[in-house]
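[1] sharing a sequence plus its predicted fold:
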Amino acid sequence: MNSITKQLFRFPLLIWLALLPLISFETHSSRPVTIIFKHKMGDRELQLFNETYTNPFGEPIIITRFKYYISHLSIAGSDQKETALSDKTFLIDESDPHSKTLVFTTPVTAPQSLSFVIGVDSVLNISGVQTGSLDPLNGMFWTWNSGYIFARLEGKSDSSHAPAHLVNWDAGGFRPPYNASRKIKLDLLNTTSPVITIEADLVKWFNATHAIHIAQSPLCHQPGRLAMQLADNYSTMFSVAP
């Protein structure tokens, strides 16, 4: 290699070395996060069909169906800036164990809070036939005017005056003034565990922000005042298991 060639080689090398301190090599590696949903009625694990529970008003109920939509999942670190985990809508269904475990990756290494919305975006409510979790065959769709059912609790109770003592609470609605979407934010207490277990206590459906008696309101099948009250109540049912 002659001297001219050497100089031509060294020149860009010297420039690169000079700029090296200005180049940031910081990378944000992703960590896995698993979110597990567990459902209970008070201090008892939820069992469909096989258990009789008593709500805070002394009304018995056998729960036969329980499911709800969650969307806009995000996680935040110490700066409280929310980082999206997914842009999908998930159907959490007690009868489907696989639906209750969600796996993501995130660059947030010390998460302090987890947020999600119970409900389905207004745009999706009017976007025609959906697939996957939003497929109407999942039984969580009213009509094109009313949209999706955001959360459903169904069962039987001797306190119900509906036919066959049915209890059927379908909460939803995306049009003002009856928008039943509710945002949930849970403190993670600086956990470093890759597994986050979220417990949902169905007692809150009956008595939280509002007192809702089976004997007085056994059925909810459309957006409106009762659906809004149910949404207010069940938005308080979530907590992070220790």
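    Now that the structure is in, tell me what you want to look at. Numbers count the residues shown, from 1 in each chain.
[2] from here on, contacts and neighbour counts on C-alpha atoms
    Will do.
[3] how close does the residue nearest the centre of the chain get to Lys156?
    In the chain, the centroid-proximal residue (Cα atoms, centre = their mean) is Ile70; its distance is 3.2 Å. For Ile70, the distance to Lys156 equals 25 Å [Cα to Cα, to the nearest Å].
[4] now what about the helix or strand containing Ile92, what contacts it?
    Assigned by DSSP states H and E, Ile92 belongs to strand 90-93. Identification of contacts with strand 90-93 by Cα atoms under 8 Å, 6 or more residues apart in numbering yields Phe37, Phe66, Lys67, Tyr68, Tyr69, Ile70, Ser71, Ser99, Lys100, Ser133, Leu134.
[5] mind checking what helix or strand follows it in sequence?
    Counting by DSSP H and E, the next helix or strand C-terminal to strand 90-93 is strand 101-106.
[6] quick one: buried residues of that following strand?
    By 16 or more other Cα atoms under 10 Å, the buried positions in strand 101-106 come out as Thr101, Thr106.
[7] show me what it is packed against.
    In terms of contacts (3 or more Cα pairs under 8 Å, 6 or more residues apart in numbering; DSSP states H and E), strand 101-106 is packed against strand 31-41.
[8] shaky segments in this structure?
    Residue ranges of the chain with pLDDT under 70: 1-28, 190-191.
[9] pull the longest strand from this structure.
    Longest strand of the chain, by residue count under DSSP state E: strand 60-76.
[10] now that one, how far from the chain's geometric center?
    Averaged C-alpha coordinates place strand 60-76 at 7 Å from its chain's average position (Cα atoms, centre = their mean, to the nearest Å).
[11] then stretch 76-90?
    The chain centroid and the centroid of stretch 76-90 are separated by 12 Å under Cα atoms, centre = their mean.
[12] kindly report the same for stretch 94-105.
    For stretch 94-105, the separation from the chain centroid amounts to 11 Å (computed by Cα atoms, centre = their mean).
[13] what comes into contact with it?
    With Cα under 8 Å, 6+ apart, stretch 94-105 has contacts from 30-39, 48, 65-67, 85-86, 90-93.
[14] next, the distance between the ends of it.
    End-to-end distance of stretch 94-105 (Cα to Cα): 24 Å.
[15] likewise for stretch 118-127?
    Rule used - Cα to Cα; the end-to-end distance of stretch 118-127 is 19 Å.
[16] contacts for it?
    68-71, 89, 144-145, 147-151, 172, 174-175, 180-184, 235.
[17] change it to 10 Å
    Under the contact criterion Cα atoms under 10 Å, 6 or more residues apart in numbering, stretch 118-127 has outside partners 68-73, 88-91, 130, 134, 141, 143-151, 171-175, 179-184, 231, 234-235.
[18] just stretch 130-139 next, same as before
    Identification of contacts with stretch 130-139 by Cα under 10 Å, 6+ apart yields 69, 88-92, 99, 120, 124-125, 129, 140-143, 148-149, 152.
[19] which ones are touching Phe116?
    Per Cα under 10 Å, 6+ apart, neighbours of Phe116: 70-75, 84-85, 182-186.
[20] just to revisit the earlier point, next, the angle from the longest strand of the chain to strand 31-41.
    Angle between the axes of strand 60-76 and strand 31-41 is 160 degrees (criterion: axes from the mean of the first three to the mean of the last three Cα atoms, to 10 degrees).
[21] who does strand 60-76 pair up with?
    According to DSSP bridges, strand 60-76 has the following sheet partners: strand 52-54 (antiparallel), strand 82-84 (antiparallel), strand 90-93 (antiparallel), strand 113-118 (antiparallel), strand 149-156 (antiparallel).
[22] export the third one as PDB, just CAs?
    Extracted C-alpha coordinates of strand 90-93, given in PDB (Å, rounded to 0.1, in the frame of the first residue of the first chain):
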ATOM      1  CA  PHE A  90     -58.700  -8.700  23.600                       C
ATOM      2  CA  LEU A  91     -61.700 -10.700  24.800                       C
ATOM      3  CA  ILE A  92     -61.100 -12.000  28.300                       C
ATOM      4  CA  ASP A  93     -63.400 -15.000  28.700                       C
END
